[in-house]
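Q: Dropping the sequence and predicted coords here.
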Amino acid sequence: MKRLFAAMMALSVAVQPLSALDTEEPTWSIAIHGGAGVIKRANLSAEREAAIRAKLDEALAKGSEILKSGGTSMDAITATIMILENDPNFNAGKGAVFTWEGKNELDTSIMDGKTRNAGAAAGVQYTKNPILLARAVMENSRHVLLSGAGADQFSREQGLEQVDPQYFYTQSRYDSLQRYKAAQTKREAEKSAAKTSSIELKTDAAGLDALGRDYRFGTVGAVAVDKDGNIAAGTSTGGTTGKRWGRVGDSPIIGAGTYADNRSCGISATGTGEYFIRLAVAQEICSRLRHRFRREIDKAQLTVPKDADGNYTYIVHASEFELNEKQVQEEADAVIAELGDIGGDGGIIYVTPFGHSGFSFNTEGMYRARGGSNGTKVIAIYGDE
Ligand code: ASP
């Protein structure tokens, strides 16, 4: 180790000794989000902003408490997400957005980075806390993704708390649906008029998409790494306002909206789901990190002297290294930049097995928070915070 360290210093390769080896305390960290989008100071009342910050703080405190006392990352993210699902300010559980038909259809997923086991549900209508359903699918079924009536049935059979769909109703989300439908209906009328005359369409498709996005904020997610180095990730949402035809976004899709792998990272996403699915954003970031980490280890191995037989005198082990924070952020930002290139917007939260936590997003803001054993505590909304 010492020899390797000296060799590394000489070549100053971009790896650092694992901090857990230097300090006694095992590290843990957690990051959470409550959606991303056009979140500007002018659009958010002081009360609403305060309520959102307080709820992020409460959720972060809950997850942190579990991790600090030696609990699992799986328990920490479940408890954190439930707090946000129960709050009407977020587009998950109570407060979910409405479908075109005026229903709330909830999507969710969860993943365990140690086993890479996963569970998810799409279009569920009666489960009070959808994240518990994702977890039940993971833990108590042979499947990964259940949908619609079958998912609701499984939820009942699992004894999860069921509610009347009315429970999810909030007036502001319902009003958003009415505005969205009015704009959509207007556009359809313009379109059919344009067929018979040469008038120009006033509401373009992009504008309408933007409207759907504006009415979407509040998907929630959490990622955490516990003292044993196990990563977990989860996401829960109502999807997008006015969704139709059984539309399913990225949130219940393992690899798109959620991914966890102890060898690389945990990710939860929020944004225009279709684009996150197309790039498999969550898995893409984890893969890039895993390969980059591998490259750094290989590079370090090359710095180790060989013996007379040409064998390395020391074999570098992954547990001796960590990527630094900048490298992790770079990989996440690169994928979010690609998302932007194809027209997607939104963001992700991440943790790594080394205890890094952070965010990457290409929208004006993202409701977000993170904390860890190193004393970090961030609660933020706007992009410039
Ligand atoms: N990603 C979610 C979806 O497309 C929405 C969001 O995160 O705002 O369903």
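A: Alright, I've got the coordinates. This structure is a prediction, so every number in the text was calculated from the model and none was measured.

Q: Now do the SS call for the residue of the chain most remote from its centre.
A: The C-alpha centroid of the chain is most remote from Ala308, which lies 50.3 Å away (C-alpha atoms, centre = their mean). Of the three states, Ala308 takes coil under DSSP: H, G, I helix; E, B strand; the rest coil.

Q: what about whichever residue of the stretch 1-150 of the chain sits closest to the ligand, how many neighbours?
A: Going by C-beta to the nearest ligand atom, the ligand is nearest to Gly35 of the stretch 1-150 of the chain, at 5.2 Å. Heads up, the C-betas are built off the backbone N, CA and C, glycines and all. Here the count is done by other C-beta atoms under 10 Å, and Gly35 has 27 residues near it.

Q: Then Ala120?
A: Neighbour tally, Ala120, other C-beta under 10 Å: 29.

Q: now Asp298
A: 10.

Q: you'd agree it is in a strand?
A: No. Assignment of Asp298 by three-state DSSP gives helix, placing it outside any strand.

Q: How about the helix or strand in which Ala120 is found and the ligand, touching?
A: Taking DSSP states H and E as the definition, one finds Ala120 inside strand 117-124. No. Judged by C-beta under 6 Å from any ligand atom, strand 117-124 and the ligand are separated, with a smallest distance of 9.7 Å.

Q: Contacts only, for Ala260.
A: The neighbours of Ala260, taking C-beta atoms under 8 Å, 6 or more residues apart in numbering as the test, are 111-113, 116, 118, 223, 231-233, 266-267, 286.

Q: What are the boundaries of the strands in the stretch 51-200 of the chain?
A: Using DSSP state E, counting those that start in this stretch, the strands of the stretch 51-200 of the chain run over residues 106-112, 117-124, 145-147.

Q: Return the most buried member of these.
A: strand 106-112 (a mean of 32; mean count of other C-beta atoms under 10 Å).

Q: tell me the angle it makes with strand 117-124.
A: 180 degrees (axes from the mean of the first three to the mean of the last three C-alpha atoms, to 10 degrees).

Q: For strand 106-112, name the packing helices and strands.
A: helix 73-85, strand 117-124, helix 130-140, strand 231-237, strand 258-261 (3 or more C-beta pairs under 8 Å, 6 or more residues apart in numbering; DSSP states H and E).

Q: near the ligand, which residues of the stretch 151-300 of the chain show up?
A: Near the ligand, when you scan the stretch 151-300 of the chain using C-beta under 6 Å from any ligand atom, you find 216, 219, 237, 239-240, 249-251, 270-271, 273.

Q: ok, those vs Thr72, which is closest?
A: Of all these, Thr72 sits closest to Ser251, with 22.2 Å by C-beta to C-beta.

Q: Is that closest one in a helix, a strand, or coil?
A: coil.

Q: Give the partner strands of the strand holding Ala120 in its sheet and their orientations.
A: In the sheet, strand 117-124 lines up against strand 106-112 (antiparallel), strand 145-147 (parallel) (DSSP bridges).

Q: Would you mind giving these as TSV with distance to the ligand and mean pLDDT added?
A: Shown next, in TSV, are the strands paired with strand 117-124 (distance: least, C-beta to the nearest ligand atom, whole Å; pLDDT from 0 to 100):
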stretch	distance to the ligand	mean pLDDT
strand 106-112	6	98
strand 145-147	14	98
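
Q: how about CSV for those, with distance to Pro26 added?
A: Below are these laid out as CSV (distance: least, C-beta to C-beta, whole Å):
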stretch, distance to Pro26
strand 106-112, 18
strand 145-147, 33
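
Q: so the most centrally placed residue in the chain bridges to which residues?
A: Among the residues of the chain, the one closest to the centroid is Ser268, at 1.4 Å (C-alpha atoms, centre = their mean). Applying DSSP bridges to Ser268 gives these bridge partners: Thr258, Ile349.
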